[in-house]
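Enquirer: Coordinates only, no sequence provided:
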């Protein structure tokens, strides 16, 4: 009602920030955007902006009165009102009452002047409110950015990547096998004496079906230390003669044997 | 003269990769044992970028690597093709995300202090689910609240390489805020 009396004085549409003309929105419309407020700071900022007021000059009486109007309206329209709105209402009332009291010139009191704190909070909120709006405008996937993709050709075969097998890896694998063989030693297996050439034939025959075998499948730890060494030499020999190829997918990974292409 | 079509390999690899392909991944996986230096691969990428001038798609670099994407001026038409409307985010989500992006690492309390309202778990959950934010530590204060930061996926999604490329915060407002802080200090 206080507001309407000032509105009457509004004859010339010129300056005068006092005229809160923009604020007069039919209550129906009001309820529509009440949901749109992101909290008390947002509402306060809206009230300030609507009247083109300077945050720094925050006119307490006026802003408090308007804020209360909105809060009252919100309470009548919605049963549940976020507690934060009421906290802000209390804060505004406190600031207002402080301003009404004569100042006792207490420098210390300035320290946490709630008005300054509120102004600072409003300013900071405004920065991030704007930042959020800018972020929303930032191009993003499926709205502004469309990522291009291609399918793999049909003839693609995902075979293990052919990589050089280092001799160190071979030696490492031999070491592992020899260790394994130790577990069999006490079994006293009567082993046949195998020559390298024989073993080569054996391995080649094994690989003849074109399938890839692991190092461990080709060399049988049960043959004991000597058998493993022979197999190992046979593999090296086959490799040298380009009869087989070795494949390793990753460092220290399993080594595969296959017939040379 | 080497006959391996490196440029084509790089082009195809970036195209078929499901995610942006980094220079490191290109050198390590795709071009393993090809004996190319990173500089050479970069040069091929630059060539591809030039080759695509005037085409509907372009090669761009985002936070986690390279990807092909439709040129931005074609978006209005491409949008028609989509059945679902692109996701719209609430102001609460956007403001929370903005605070995490510009102020990271931040705790929930830090966000609430600026926004003046409680941050709903739903908002945080949505952002985490989209893999835009993640917990990168805990604040050493009572309750040890989680500290949030943005992810590379967040940068990829917005098509940028680093946080620096985000729209800058309002300079004028920041200056006002700084002046305000000075004033408060002076009062003391």
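Expert: Thanks, I have the structure now. Since we're looking at a predicted model, the values are computed, not measured.
Enquirer: Nearest residue to residue B:170 in space, please, no chain neighbours.
Expert: Closest residue to residue B:170 in three dimensions, ignoring its sequence neighbours and counting by CB to CB, 6 or more residues apart in numbering or on different chains: residue A:130, at 5.2 Å. For the C-beta atoms, the positions are set from N, CA and C on the backbone; glycine is no exception.
Enquirer: Just confirm that neighbour is within a helix.
Expert: Yes: under DSSP: H, G, I helix; E, B strand; the rest coil, residue A:130 sits within a helix.
Enquirer: Quick one: neighbours of it, just the number.
Expert: Here the count is done by other CB atoms under 10 Å in any protein chain shown, and residue A:130 has 15 residues near it.
Enquirer: Give me the local confidence score for it.
Expert: You'll see residue A:130 listed with a pLDDT of 92.
Enquirer: which secondary structure element contains the closest residue to residue B:62 other than its chain neighbours?
Expert: Distances taken as CB to CB, 6+ apart put residue B:156 closest to residue B:62, at 4.7 Å, once the chain neighbours are dropped. With elements delineated by DSSP states H and E, residue B:156 resides in helix B:152-157, which encompasses its position.
Enquirer: Against which helices or strands is the very next helix or strand once past that helix packed?
Expert: As assigned by DSSP H and E, the chain's next helix or strand after helix B:152-157 is helix B:171-187. Helices and strands in packing contact with helix B:171-187 are listed as helix A:107-111, helix A:114-137; criterion 3 or more CB pairs under 8 Å, 6 or more residues apart in numbering or on different chains; DSSP states H and E.
Enquirer: Most tightly packed of the ones you listed?
Expert: helix A:114-137 (a mean of 18; mean count of other CB atoms under 10 Å in any protein chain shown).
Enquirer: Can you name every helix or strand that it contacts?
Expert: Where contact means 3+ CB pairs under 8 Å, 6+ apart, helix A:114-137 is packed against helix A:40-50, helix A:83-100, helix B:91-103, helix B:108-115, helix B:171-187.
Enquirer: Residue A:207: which of the ones you listed is closest?
Expert: Smallest distance to residue A:207 across the helices and strands packed on helix A:114-137 (CB to CB): 57.5 Å, for helix B:91-103.
Enquirer: now that closest one, how far from the centre of its chain.
Expert: Relative to the chain's own centre, helix B:91-103 is displaced by 14 Å; criterion: CA atoms, centre = their mean, to the nearest Å.
Enquirer: got it, and stretch B:18-27?
Expert: The offset between the C-alpha centroid of stretch B:18-27 and the centroid of the whole chain comes to 16 Å, using CA atoms, centre = their mean.
Enquirer: gap between the two ends of it?
Expert: With CA to CA, to the nearest Å as the measure, the ends of stretch B:18-27 fall 17 Å from one another.
Enquirer: Report the buried residues of it.
Expert: B:20, B:21, B:22, B:25, B:26, B:27 (16 or more other CB atoms under 10 Å in any protein chain shown).
Enquirer: Residues touching it, excluding its own?
Expert: Contacts to stretch B:18-27, defined as CB atoms under 8 Å, 6 or more residues apart in numbering or on different chains, come from residues A:149, B:10, B:13-14, B:30, B:36, B:38, B:41-42, B:45, B:62-67, B:156.
Enquirer: Drop anything exposed from those.
Expert: With burial judged by 16+ other CB under 10 Å, the buried subset of the contacts of stretch B:18-27 is B:10, B:13-14, B:30, B:36, B:41, B:45, B:62-67, B:156.
Enquirer: give me every residue that touches the residue nearest in space to the middle of chain B.
Expert: Within chain B, one residue has its C-alpha closest to the average C-alpha position: by CA atoms, centre = their mean, that is residue B:155, at 0.3 Å. Under the criterion of CB under 8 Å, 6+ apart, the contact partners of residue B:155 comprise B:62, B:63, B:64, B:161, B:162, B:163.
Enquirer: same thing but 7 Å
Expert: By CB atoms under 7 Å, 6 or more residues apart in numbering or on different chains, the contact list for residue B:155 reads B:62, B:63, B:161, B:162.
Enquirer: what's the spacing between the nearest residue to the third one once chain neighbours are set aside and chain A?
Expert: The shortest distance from residue B:161 to any residue other than its chain neighbours is 5.3 Å, reached at residue B:63 (CB to CB, 6+ apart). Between residue B:63 and chain A the distance is 13 Å, computed by CB to the nearest CB, to the nearest Å.
Enquirer: tell me which of the buried ones among the contacts of stretch B:18-27 is nearest to chain A?
Expert: When those are compared for distance to chain A, the smallest value, 5.7 Å, is given by residue B:67; criterion: CB to the nearest CB.
Enquirer: so what's the closest one closest to, chain neighbours aside?
Expert: Of all residues not flanking residue B:67 in the chain, residue B:20 sits nearest, at 4.3 Å (CB to CB, 6+ apart).
Enquirer: How about residue A:172?
Expert: Closest residue in space to residue A:172, ignoring its immediate chain neighbours: residue A:252 at 7.4 Å, by CB to CB, 6+ apart.
Enquirer: Where does the record place the domain boundaries for chain B?
Expert: Per automatic domain parsing, the structural domains of chain B span B:6-76, B:91-167.
Enquirer: out of those, deepest packed?
Expert: Burial among these, expressed as mean neighbours by mean count of other CB under 10 Å, is greatest for domain B:91-167, which shows a mean of 18.
Enquirer: what about that domain, start to end distance?
Expert: For domain B:91-167, the separation between the terminal residues is 17 Å (CA to CA).
Enquirer: Would you mark the buried spots in the helix or strand of chain B with the lowest mean pLDDT?
Expert: Every helix and strand of chain B was ranked by mean pLDDT, DSSP states H and E. The lowest is helix B:171-187, at a mean of 72. For helix B:171-187, burial by neighbour count (16+ other CB under 10 Å) applies to B:173, B:176, B:177, B:180, B:184.
Enquirer: list the contacts for the fourth one?
Expert: This points to residue B:180. For residue B:180, counting by CB under 7 Å, 6+ apart, the contacting residues are A:119, A:120, A:123.
Enquirer: What distance do you get for the first one to residue A:86?
Expert: For residue A:119, the distance to residue A:86 equals 20 Å [CB to CB, to the nearest Å].
Enquirer: before we move on, what about residue B:40?
Expert: From residue B:40 over to residue A:86 the distance is 66 Å, taken as CB to CB.
Enquirer: Report pLDDT for the residue nearest to residue B:67.
Expert: Turning to residue B:20, the model gives it a pLDDT of 93.
Enquirer: For chain B, which residues are neighbours of chain A?
Expert: For chain B, the residues in contact with chain A (CB under 7 Å from any CB of the partner chain) are B:15-16, B:33, B:57, B:67-70, B:72, B:75, B:78, B:82, B:86, B:89, B:91-92, B:94-95, B:97-99, B:102, B:114-117, B:157-159, B:167, B:169-170, B:173-174, B:176-177, B:180, B:184, B:187-188.
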